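Peer 1: Below: sequence and its predicted model.
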Amino acid sequence: MTMNFTELPGWDFYVEETSVSVYKVTGRDNQGHVVSLAGQNADELIVECRRQALEIQSSAARARESST
């Protein structure tokens, strides 16, 4: 299953069940950044991957601002 979130433009998130009740959530952006987690609660994994992706996005924005 693929998901996108409005607060994370350019990111695609994928959820796969790798074993019975074991999930892997992976997020990738169009610049090559990746977040990935595995566990038993897919909803919690999605929340945490989104949080990590937002942090990456914020860090990248700060780096761009400081280089100008």
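Peer 2: Cool, the structure landed.

Peer 1: Just checking: what are the partner strands of the strand or helix carrying residue 12?
Peer 2: Residue 12 is part of strand 11-19, with elements assigned from DSSP states H and E. Strand 11-19 pairs in its sheet with strand 2-3 (antiparallel), strand 22-29 (antiparallel), by DSSP bridges.

Peer 1: Please export the C-alpha coordinates of the longest one as PDB.
Peer 2: Meaning strand 22-29. Extracted in PDB, the C-alpha atoms of strand 22-29 (Å, rounded to 0.1, in the frame of the first residue of the first chain):
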ATOM      1  CA  VAL A  22       4.800  -7.900  11.100                       C
ATOM      2  CA  TYR A  23       5.000  -4.700   9.000                       C
ATOM      3  CA  LYS A  24       7.600  -2.700   7.300                       C
ATOM      4  CA  VAL A  25       7.000   1.000   6.600                       C
ATOM      5  CA  THR A  26       9.400   2.800   4.300                       C
ATOM      6  CA  GLY A  27       9.300   6.400   3.200                       C
ATOM      7  CA  ARG A  28      11.300   7.900   0.300                       C
ATOM      8  CA  ASP A  29      11.500  11.400  -1.000                       C
END
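
Peer 1: Beyond it, next helix or strand please.
Peer 2: Scanning onward from strand 22-29 (DSSP H and E), the first element met is strand 34-39.

Peer 1: can you pull the contacts of the most centrally placed residue in the chain?
Peer 2: The residue lying closest to the centre of the chain (Cα atoms, centre = their mean) is residue 27, at 3.4 Å. Going by Cβ atoms under 8 Å, 6 or more residues apart in numbering, residue 27 touches 8, 11, 12, 13, 14, 34, 35, 36, 49, 50, 52, 53. Where you see a C-beta, it was placed from the backbone N, CA and C, and this is true even at glycine.
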